[in-house]
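Participant: Need coordinates for the following:
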Amino acid sequence: MTAQTWFLFCITELILCLIPGPAVLFVLSTALRRGFSCASTAAGGILASNTFYFALSASGIAAVIVASHAVFDAIKWLGAAYLIWLGVRMVFSRAAPHTDATGAASEIRDRVFLRAFVVQSSNPKSLIFFVALLPQFISPTLSVPRQILILGITSILIEFAVLSGYAAIASRARNVAGTRFSQSLERMGGAMLIAAGARLAWIRG
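Facilitator: Numbering: from 1, shown residues only. Below you'll find the model as predicted:
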């Protein structure tokens, strides 16, 4: 893998990360609900899922999953249903206490991390990326595991920066709005998740 290939991957990854998808919308909704720190935990769950997918891609299992329409569709519908369920809960739940996220309980962080992992893992677009797009940046004449490791670390760093940026913007909006508009912000976050679930359901395998 040449420096030009790596740079092209960085540009491609950055563009894809900037496009709002389920991962971005989940981080935004988490930031609106609980602040920057919990949103960072959500970003960690998403990146953990990406690491898992990089491992699947290296072993070739991801290609088998995409080739099986039944498995692909099952992942798609489960992911869409889960996003919509999370969104509906946020729309109809009471506003979370408007405190600094550093005071959030550890069990809340664990739950946010797990939900983020599930959201990203159940997004079939992630599978398509790792199966169809990733191999285009890998040279078969060089060490494939080493190239996947380099691209994996690069991808994680870029996506972490992008998700952190989105989280910072949303948490800033939350702080400016204050407690008066916290319920409206939560409903907005829930609506974003419902929209993400609906979009996910329309993806064709």
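Participant: contacts, neighbours, all on C-alpha from now
Facilitator: OK.
Participant: looking at the chain, which helix or strand is least sure?
Facilitator: helix 61-67 (a mean of 65; mean pLDDT, DSSP states H and E).
Participant: Residue 193 sits in which helix or strand?
Facilitator: Assigned by DSSP states H and E, residue 193 falls within helix 182-201.
Participant: tell me the mean pLDDT over that helix?
Facilitator: Averaged across helix 182-201, pLDDT comes to 71.
Participant: tell me the secondary structure for the most far-flung residue of the chain relative to its centre?
Facilitator: What lies farthest from the middle of the chain is residue 141; by CA atoms, centre = their mean that is 31.9 Å. Using DSSP: H, G, I helix; E, B strand; the rest coil, the structure places residue 141 in coil.
Participant: Next one: it from residue 57, what distance?
Facilitator: Distance, residue 141 to residue 57, using CA to CA, to the nearest Å: 18 Å.
Participant: ok now whatever helix or strand residue 49 lives in, how far from the chain's centre?
Facilitator: Counting by DSSP H and E, the element that carries residue 49 is helix 36-59. Put simply, helix 36-59 sits 7 Å off its chain's centre (CA atoms, centre = their mean, to the nearest Å).
Participant: which residues of the chain fall in strands?
Facilitator: Applying DSSP state E to the chain gives no strands.
Participant: list the contacts for the most centrally placed residue in it?
Facilitator: Centroid-nearest residue in the chain, with CA atoms, centre = their mean: residue 23, separated by 2.5 Å. Residue 23 makes contact with 46, 116, 119-120, according to CA atoms under 8 Å, 6 or more residues apart in numbering.
Participant: Return the subset of the residues you listed lying in helices.
Facilitator: Among the contacts of residue 23, the residues falling in helices (DSSP state H) are 46, 116, 119-120.
Participant: closest to residue 163 among those residues?
Facilitator: residue 46 (9.4 Å; CA to CA).
Participant: Next, count neighbours for that closest one.
Facilitator: Look at residue 46: counted by other CA atoms under 10 Å, it has 29 neighbours.
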